[in-house]
Structures are given as C-alpha cells and as structure tokens.
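Participant: How does the following fold in three dimensions:
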Amino acid sequence: MDFVGIDIGSTATKVAIRGDREVEFMVPSGWNSKETAIMVRDRLIKEYGVDPSNAKFIATGYGRISVPYADDTVTEITCHAMGVMEYIENGIGTTTVIDVGGQDTKVITLRGGMVDDFIMNDKCSAGTGRFLEIMANRMGMDLNELFEAAVRGKILKISSMCTVFAESEVIGLMGAGENRDDIAAGVVDSVAQKVANLARRHGLDGKVVLTGGLSVNKNFVDLLSKVLDKKVETYEKARFAGAIGAALIGIRRYERKLKHD
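Facilitator: The predicted structure is shown next:
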C-alpha cells in the first residue's frame, strides 16, 4: 500500500510516497490549491502507478483543506516534526526545527521525538521565501542569481520591517546607483536576521535543523549559521519534510487502526 503525503504550500507543493517505496516530487502550487491537488493525484496515478483504492492520502500545508481525496489532514507543525525525526538518529534529545516557507516561518522544538513547543510568524512575509522572490523579481533576477549576487556583495542594511516598505527601500537603493550585489546581500541578510530573531525569541535548544525551500541553498544555511552563531544543519530531503512527515503519519495511523480492528 502507498501512503502519500501532500504538502500544499503557498508557492510549492511537495509530495512524498512511503510504504513499499520512497518517492518525492514537487510542483508549483499555482493560484488554486484544489486544482493543484487534482493535478497531483493525476500525476501520482499516471507517472507513479499509485492506485487510489489501495492508498492513503494525508494532506498538510497552507492548502491542506483543498485536497478533496485526502483521507486525513494534519498541521504543518506535526508533519515537519515527523519528517525531521526520520532524519535525526534514534529521535533522541532536543532539536530546534526552523521551517522558512513561502508565507510564514515556523520554529519548532522537538524533545524526545515529540513537539514540545513552537512559534510561528505569519503576520508579515518579510522573513520568508516570498520576500526573497519579490525582491529578486524587482532586481531582475531569479532566486539563484540573487543568492549568487549576495555572496559577491557587501551587505547594505535593509531597515524596513515590512515587505512593501522594504521593496520601496530597495527601489531607492537601485535608483541611487548602489551596487546590485550589495543590495542583494542586504536583502538576503534581512531575511536571515528576521528568521534568527524569531528563533531567538523562541529559544534554540539542541541541534538546529533548517527545512523548507531555503534548506537547499547552502549560502543561506551558512549565513543563518553565522547570524545565529550556531551551526545550522540540513539534509538532502529537508525541503520535503512536511510531505514525508504526512506520509509517515499515515503509516502510523493505519498500523494503529489494524491493531485495534
């Protein structure tokens, strides 16, 4: 039986299959979460041979309520915790998980394999991946180009706490003829500082693991480590932590049900 975790984020949808095989893939979320969910189901059937009548679907993320065929829905906090636990050897000790998403940033404390506490910043996108996308577009770059430019540049501080005002600040710096690499460095540093401030407010216990879309960018991982003055770890499938966690929760619930039946 296939257990499929579907993590519909604001910008990207991550999918993981667990059970007899391990598969992950990602698609853009688009403007309509329900249409994205239907597209994912069609792809699961056509490309991966998933039989809906012999599979369990667990949805999580921003658009989890928009998956009409989901057998269950679970919060991102629980799913990211479970997904990271697969990475942490034996699940022993304390870990702080930082998930930088498209529209929000979450900091989660895991103790002994369980969620102990968390904090979430969903009031403003200034400390998220969406902020970086907006700034990259404004500067005529894609995200990879933004990070490459940031490595070359010297940080020009972006003082605004709001995305709209920060965008105006960047436009002003561009109009003043400031070096584009320096502006890029300021933009990336701004996000790292906001994520770090949220993490410090929550507390950093044990090892620190970064999940979400920015976990694939070594430059951001290194910068966040520097800003926090603490090594930030990540791993190959950290971007899929939510989807993997959802699939693993599906397995757990199915096995529990079998025991009770």
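Participant: For the chain, give the helix that spans the most residues.
Facilitator: Longest helix in the chain, counting residues (DSSP state H): helix 180-202.
Participant: do you know how far the closest residue to residue 66 other than its chain neighbours is from residue 27?
Facilitator: Using CB to CB, 6 or more residues apart in numbering and skipping residues adjacent in sequence, the residue nearest residue 66 is residue 33, 3.6 Å away. C-beta here means a position set from N, CA and C on the backbone, and glycine is covered the same way. Remark: distance between residue 33 and residue 27 (CB to CB, to the nearest Å) = 12 Å.
Participant: Could I get the full set of helices for this protein?
Facilitator: Using DSSP H, helices in the chain cover 33-48, 76-87, 129-138, 143-152, 163-175, 180-202, 218-228, 241-260.
Participant: Which one of those lies nearest to residue 13?
Facilitator: Evaluated with CB to CB, those place helix 33-48 nearest to residue 13, the distance being 5.4 Å.
Participant: chain center to the closest one, what's the gap?
Facilitator: Its chain's C-alpha centre and that of helix 33-48 lie 21 Å apart, by CA atoms, centre = their mean, to the nearest Å.
Participant: Also stretch 193-204?
Facilitator: That offset, for stretch 193-204, works out to 16 Å (CA atoms, centre = their mean).
Participant: ditto for stretch 129-140
Facilitator: 17 Å.
Participant: start at 7 instead
Facilitator: OK, 7 is where the count begins now, so the last one is stretch 135-146.
Participant: Kindly state the pLDDT recorded for the residue nearest the centre of the chain?
Facilitator: The structure's the chain has its C-alpha centroid closest to residue 218; by CA atoms, centre = their mean the separation is 2.1 Å. Here the pLDDT value assigned to residue 218 is 87.
Participant: For residue 125, find the nearest of the helices of the chain.
Facilitator: helix 186-208 (4.2 Å).
Participant: If we go by neighbour counts, what in that closest one is buried?
Facilitator: Within helix 186-208, the residues scored as buried using 16 or more other CB atoms under 10 Å are 186-202, 204-205, 208.
Participant: So for the closest residue in space to residue 174 that isn't next to it in sequence, what's the pLDDT?
Facilitator: Distances taken as CB to CB, 6+ apart place residue 166 nearest to residue 174, at 7.4 Å, with adjacent residues excluded. Listed pLDDT for residue 166 reads 70.
Participant: any low-confidence regions in the stretch 57-206 of the chain?
Facilitator: By pLDDT under 70, the weakly predicted segments of the stretch 57-206 of the chain are 95-98, 128-133, 167.
Participant: re earlier: got the angle for the longest helix of the chain vs helix 224-234?
Facilitator: Angle of helix 186-208 versus helix 224-234, following axes from the mean of the first three to the mean of the last three CA atoms, to 10 degrees, is 50 degrees.
Participant: Residue 142 versus the nearest residue to residue 24 once chain neighbours are set aside, what's the distance?
Facilitator: Using CB to CB, 6+ apart and skipping the chain neighbours, the partner closest in space to residue 24 is residue 253 (4.0 Å). Distance of residue 253 to residue 142, given as CB to CB: 31 Å.
Participant: Tell me how many other residues surround residue 226.
Facilitator: Using other CB atoms under 10 Å, the number of residues around residue 226 comes to 25.
Participant: Could you do the one 4 residues further on as well?
Facilitator: As a burial measure, the neighbour count of residue 230 was computed by other CB under 10 Å and equals 27.
Participant: same thing with the one 3 residues further on?
Facilitator: The criterion is other CB under 10 Å. On that basis, residue 233 has 19 neighbouring residues.
Participant: Tell me which residues touch it, please.
Facilitator: 195, 198, 199, 202 (CB atoms under 8 Å, 6 or more residues apart in numbering).
Participant: in stretch 136-153, what counts as buried?
Facilitator: Buried, per 16+ other CB under 10 Å, within stretch 136-153: 136-142, 144-145, 147, 149, 152-153.
Participant: Lovely, talk soon.
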